[in-house]
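K.L.:
After the sequence you'll find the predicted model.
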Amino acid sequence: MHKYERIIYWSEADQRFIVEVPELAGCMADGMTPAEALENVEVIISEWIETAKELGREIPVPKGKLMFA
């Protein structure tokens, strides 16, 4: 399991739960249940990291809880 922060919410437009990973630009997944969405995002995080490595891009170090003001 990756240690990046995840934000999960219900999308009325999609009729699914959405999980975003703020530290990884564009990294998100969905699912019919919160558990399914969280399970799916683990796969997407792995793919995001694998693609970044292939492209020679920096992979952010997980910071834990993010604070927004």
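P.N.:
Everything's here; your move. Source: prediction; values computed, not measured.
K.L.:
what number of residues lie near residue 64?
P.N.:
Neighbourhood size, residue 64 [other C-beta atoms under 10 Å]: 8. Backbone N, C-alpha and C define where each C-beta goes, glycine included.
K.L.:
change the start of the numbering to 353 and stick with it
P.N.:
In the new numbering, first residue 353, that becomes residue 416.
K.L.:
got the contact list for the spatially closest residue to it that is not a sequence neighbour?
P.N.:
Distances taken as C-beta to C-beta, 6 or more residues apart in numbering place residue 357 nearest to residue 416, at 6.5 Å, with adjacent residues excluded. The contact partners of residue 357, by C-beta atoms under 8 Å, 6 or more residues apart in numbering, come to 373, 374, 375, 414, 415, 416, 417, 418.
K.L.:
Show me how to select, in PyMOL, the buried members of the residues you listed.
P.N.:
One line in PyMOL is enough to select the buried ones among the contacts of residue 357; burial here means 16 or more other C-beta atoms under 10 Å:
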select buried, resi 373+375
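K.L.:
Please name the residues that touch the closest residue to residue 359 other than its chain neighbours.
P.N.:
Of all residues not flanking residue 359 in the chain, residue 372 sits nearest, at 4.8 Å (C-beta to C-beta, 6+ apart). Applying C-beta under 8 Å, 6+ apart to residue 372 gives the contacts 358, 359, 360, 379, 380.
K.L.:
Kindly report the same for residue 412.
P.N.:
For residue 412, the contacting residues are 356, 375, 376, by C-beta under 8 Å, 6+ apart.
K.L.:
For the residue most central in space within the chain, give me its contacts.
P.N.:
When C-alpha atoms, centre = their mean is applied to the chain, the residue found nearest the centroid is residue 373 (3.2 Å). Each residue near residue 373 by C-beta under 8 Å, 6+ apart is listed here: 356, 357, 358, 359, 379, 380, 393, 396, 397, 400.
K.L.:
For the fourth one, give its distance to residue 378.
P.N.:
Per C-beta to C-beta, to the nearest Å, residue 359 is found 14 Å from residue 378.
K.L.:
and those two? which has more neighbours close in?
P.N.:
residue 359 (11 against 8).
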